[in-house]
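**Student:** 3D model of this:
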Amino acid sequence: MDQLITFVQDRWLVIVVAIVVLFLVIKIVKTVVKWVIVLAIVAGLFYYGASYTDELKEMGTQALATVKDAAASAKEEALKTLAGKDAKFKTNPDGTYTVTSGQVKLEGKPGASEVSVSIAGAPSFNIALDDAVKAVIESAKKNG
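**Tutor:** Sure thing, here's the model as predicted:
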């Protein structure tokens, strides 16, 4: 049912055109030919609506790929900024650590597999603690 509602919301113009064509066919054409054409139009509209699921899946896949690309880009930019000479390492009283450089802040716990990154005060996101992140943390420790 959700698929049908989404189809109607996104393709309402196609439905309106199909209804107008149906009324024209009913008014102009007589006998059995009229009903064959009407059934063909209705079947075509239902087939188009049923195959709309594939289009929705494709749009979802494209949106997911875009989000992944944006996250990878944000991670890359954050690491570039943190890798600079002005990155500072700080051990917090609760045992966590913070690495800051400009508007980028990286927070984590020793032994954890993920760290939290915040850019320019925006909500933070988590990234895996891979070799590149470990190198940034070690570099910040050397900077102080």
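**Student:** Please count neighbours and contacts with C-alpha atoms only from this point.
**Tutor:** OK.
**Student:** give the contact list for residue 109.
**Tutor:** Listed by CA atoms under 8 Å, 6 or more residues apart in numbering, the contact partners of residue 109 are 95, 96, 97, 115.
**Student:** out of those, who's nearest residue 20?
**Tutor:** Of all these, the one sitting nearest residue 20 is residue 115; the distance, using CA to CA, is 58.3 Å.
**Student:** That closest one and residue 128 touch, don't they?
**Tutor:** Yes. Counting by CA atoms under 8 Å, a contact exists between residue 115 and residue 128, whose distance comes to 6.5 Å.
**Student:** neighbour-wise, which of the contacts of residue 109 leads?
**Tutor:** Neighbour counts for the contacts of residue 109 peak at residue 115, which has 20 neighbours (criterion: other CA atoms under 10 Å).
**Student:** List phi and psi for that residue.
**Tutor:** Per-residue torsions, residue 115: phi -130, psi 160 (degrees, to the nearest 10).
**Student:** Any figure for the gap between it and residue 99?
**Tutor:** Using CA to CA, to the nearest Å, one gets 10 Å for the distance from residue 115 to residue 99.
**Student:** any shared contact partners between the two?
**Tutor:** Residues touching both residue 115 and residue 99 comprise 106, 107, with contact defined as CA under 8 Å, 6+ apart.
**Student:** Tell me where the chain has helices.
**Tutor:** In order along the chain, the chain carries the following helices (DSSP state H): 2-10, 12-28, 31-50, 52-82, 131-143.
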